[in-house]
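S.K.: please find the sequence and the predicted model below.
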Amino acid sequence: MSANGKDEAVLKTISDMMAAGLETQTEPFPETEKEFGAILTELRHLDSEDLKSKLVISGFVNHPYGPDQQRCLECMYYLVHRKWCDLPELSVPVEPDWWCRLWRI
Amino acid sequence: MANLLWLQGGACSGNTMSFLNAEEPSACDLVTDFGINVLWHPSLGMELGENLQKLMRALVSGQVPLDIFVFEGSVVKAPNGTGEWNRFAGRPMMDWVRELANVASFTVAVGDCATWGGIPATAPNPSESVGLQFLKRGHGGFLGKDYKSKAGLPVINIPGCPAHPDWITQIVVAVATGRGGDLTLDEFQRPKTFFQSFTQTGCTRNMHFAYKVSATEFGQRKGCLFYDLGCRGPMTHSPCNRILWNRQSSKTRAGMPCMGCTEPEFPFYDLAPGTVFKTQTVMGVPRDMPLGVDKTGYVKLTAAAKAASPKWAEEDIFVV
């Protein structure tokens, strides 16, 4: 499978999991670098194939989030054209209207 | 002929190493082309012991005129304000500094430690270190805020960790050739010719800054280092991307974040764990914005820039 094909397959898997009502840890939002770092540490300890835990820990949702309606599109880790989260600990395809609690601008 | 004396207080010799690598002009050019007489320097001086003390006394008394007094390193006042932790030529260095600064035509602080106290002055500052005329942002330092050298200028601050070699030699040449009066200094007494622009000025990653594409690991050949890796280029005054290091590169060009070493607060956040090479955020928004940018404007700009970013901005553009 090509890289693009693989990305699309993973994107569909994530979409399906969230559409099926996957409960993720959207709160608490990491207010400080220490809290942010703690989530990253948790992610680093996961099996690289454990997609579901990755989504749960990072608090993925398939819609904008919070009073400011934050979304991946504005996040600095988001690559617009590749539709990709470039945070090394996540490295997954994402849609621009999604969000997770590792959002940074 | 201008007499120059260079002393080191609480220092790592980094600025001396930098100075000796100067190219435009070089340390040798100072002597051969610009008539500077290096009376003594920690790495170049020939006098030792009694001979050195004799020279120092001759300078303090005015028997030998001191045109340029260059100081590298912090002024160490410990313990208890005595300065005994840093003795030089038979007495506390701080006593020499006070007396030499009083007779010098120009006093030049080289490097962060001499300018604002630098790393030695980081809390809890056990060596009671201060800069010549500042302690971090606080005006005063060791010589006091009203200090002026005989030429009528305050201490000329050339910060950096270390200062770029050519910043040092070019200022020394300006002073030695009678153009010291032409120097305009900013609020922290830095020569504006070097410290008016930002480290970001001339950074090869400015396109990535504009389109809000982040570098997420050191050494990446794409992405801006400001968003995630703690780069302070947009709020640090220095010409690091105009006057290149080793004539060919800079930290940000090489994929390493600027640490803001020409600003008084350096090292930022007192080197608390997790604050180095990591952009500090509050609820996902950078705590320190590019100078002059407010949070609302920043958020709006980000949304627009992201939406407009071209595909190439996401790819390595500096290929080998």
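M.R.: Yep, it's here.
S.K.: ok, A:V94 touching A:D86?
M.R.: No: A:V94 is beyond contact range of A:D86, at 10.0 Å (criterion: Cβ atoms under 8 Å). Yep, even glycine has a C-beta here, placed from its N, CA and C like the rest.
S.K.: what touches both of those two?
M.R.: A:Y78 (Cβ atoms under 8 Å, 6 or more residues apart in numbering or on different chains).
S.K.: okay, those two: which has more neighbours?
M.R.: Neighbours per residue, other Cβ atoms under 10 Å in any protein chain shown: of A:V94 and A:D86, the larger number sits with A:V94, 27 against 24.
S.K.: could you pull up the residues touching that one?
M.R.: A:V94 touches A:L11, A:I14, A:C72, A:Y78, A:K83, A:W84, A:C85, counting by Cβ under 8 Å, 6+ apart.
S.K.: same question, B:G131
M.R.: Counted by Cβ under 8 Å, 6+ apart, B:G131 has contacts B:74-75, B:109, B:112-118, B:121, B:141-142, B:157.
S.K.: at 6 Å what do you get?
M.R.: The contact partners of B:G131, taken as Cβ atoms under 6 Å, 6 or more residues apart in numbering or on different chains, are B:A114, B:T115, B:W116, B:G117, B:G141.
S.K.: could you do B:W40 as well?
M.R.: Counting by Cβ under 6 Å, 6+ apart, B:W40 has contacts B:L5.
S.K.: show me the beta-bridge partners of it.
M.R.: Under the criterion DSSP bridges, B:W40 forms beta bridges with B:L5.
S.K.: need the pLDDT of it.
M.R.: Residue-level confidence at B:W40 comes out at 97, pLDDT.
S.K.: helix, strand or coil: sort out A:D7 for me.
M.R.: Three-state call for A:D7 (DSSP: H, G, I helix; E, B strand; the rest coil): helix.
S.K.: ok, it - contacts?
M.R.: A:P93.
S.K.: how close does it get to chain B?
M.R.: A:D7 sits 14 Å away from chain B, going by Cβ to the nearest Cβ, to the nearest Å.
S.K.: return the set of residues that bridge with the closest residue to B:C113 other than its chain neighbours.
M.R.: Leaving out its chain neighbours, the residue that sits closest to B:C113 by Cβ to Cβ, 6 or more residues apart in numbering or on different chains is B:S74, at 4.1 Å. Beta-bridge partners for B:S74, by DSSP bridges, are B:G10.
S.K.: now do B:S74 against B:N125, distance only.
M.R.: Taking Cβ to Cβ, to the nearest Å as the measure, B:S74 falls 9 Å from B:N125.
S.K.: more crowded one of those two?
M.R.: When neighbours are counted by other Cβ under 10 Å, B:S74 comes out ahead of the other of B:S74 and B:N125, with 35 against 16.
S.K.: give me the pLDDT for that one.
M.R.: 98.
S.K.: list the contacts for it?
M.R.: Contacts of B:S74 by Cβ under 6 Å, 6+ apart are B:G9, B:G10, B:C113, B:G117, B:P120, B:A121, B:S129.
S.K.: of those, which belong to strands?
M.R.: B:S129 (DSSP state E).
S.K.: which two of the contacts of B:S74 have the greatest separation?
M.R.: B:G9 and B:A121 (11.4 Å; Cβ to Cβ).
S.K.: quick one: the helices in chain A, in order.
M.R.: A:3-19, A:33-44, A:51-58 (DSSP state H).
S.K.: between the ones you listed, which one is nearest to B:G152?
M.R.: Taking Cβ to Cβ, helix A:33-44 is the member of the helices of chain A nearest to B:G152, at 45.8 Å.
S.K.: is any residue of that closest one near chain B?
M.R.: Yes: contact of helix A:33-44 with chain B (Cβ under 6 Å from any Cβ of the partner chain) involves A:E33, A:K34.
S.K.: report the buried residues of that helix.
M.R.: Residues A:E33, A:F36, A:I39, A:L40, A:L43 are the ones in helix A:33-44 that count as buried (16 or more other Cβ atoms under 10 Å in any protein chain shown).
S.K.: is it true that the first one touches B:G274?
M.R.: Think A:E33. Yes: contact status for A:E33 versus B:G274: in contact at 4.9 Å, counting by Cβ atoms under 6 Å.
S.K.: give me the pLDDT for the residue in the stretch 51-200 of chain B positioned nearest to chain A.
M.R.: Across the stretch 51-200 of chain B, no residue is closer to chain A than B:Q200, which sits at 16.3 Å (Cβ to the nearest Cβ). Looking at B:Q200, its pLDDT is 97.
S.K.: adding mean pLDDT, write the helices of chain A out as CSV.
M.R.: What follows is those, written out as CSV (pLDDT from 0 to 100):
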stretch, mean pLDDT
helix A:3-19, 92
helix A:33-44, 92
helix A:51-58, 97
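S.K.: host element of the spatially closest residue to B:K148 that is not a sequence neighbour?
M.R.: Counting by Cβ to Cβ, 6+ apart, B:K148 lies nearest to B:P154, which is 5.8 Å off, once chain neighbours are set aside. For B:P154, there is no helix or strand it lies in under DSSP states H and E.
S.K.: near B:P154, how many other residues are there?
M.R.: For B:P154, the count of nearby residues is 18 (other Cβ under 10 Å).
S.K.: the one 3 residues further on too?
M.R.: Residue crowding around B:N157 was assessed by other Cβ under 10 Å; the count is 31.
S.K.: dihedrals phi and psi, it?
M.R.: When read as degrees, to the nearest 10, the backbone of B:N157 gives phi -90, psi 120.
S.K.: just grab the bridge partners of it for me.
M.R.: B:A109.
S.K.: flag the shaky bits of chain B, pLDDT-wise.
M.R.: The model of chain B has pLDDT under 70 over residues B:320.
S.K.: domain ranges for it?
M.R.: Listed by automatic domain parsing, the domain ranges of chain B are B:2-193, B:197-314.
S.K.: single out the most deeply packed of those.
M.R.: domain B:2-193 (a mean of 20; mean count of other Cβ atoms under 10 Å in any protein chain shown).
S.K.: quick check, distance from that one to the centre of its chain.
M.R.: Between the centre of domain B:2-193 and the centre of its chain there are 12 Å (Cα atoms, centre = their mean, to the nearest Å).
S.K.: residues of chain B that sit close to chain A?
M.R.: Looking at chain A, the residues of chain B close enough under Cβ under 6 Å from any Cβ are B:214, B:216, B:227, B:274, B:278, B:280-281, B:283-285, B:302-303, B:306, B:309, B:311, B:314.
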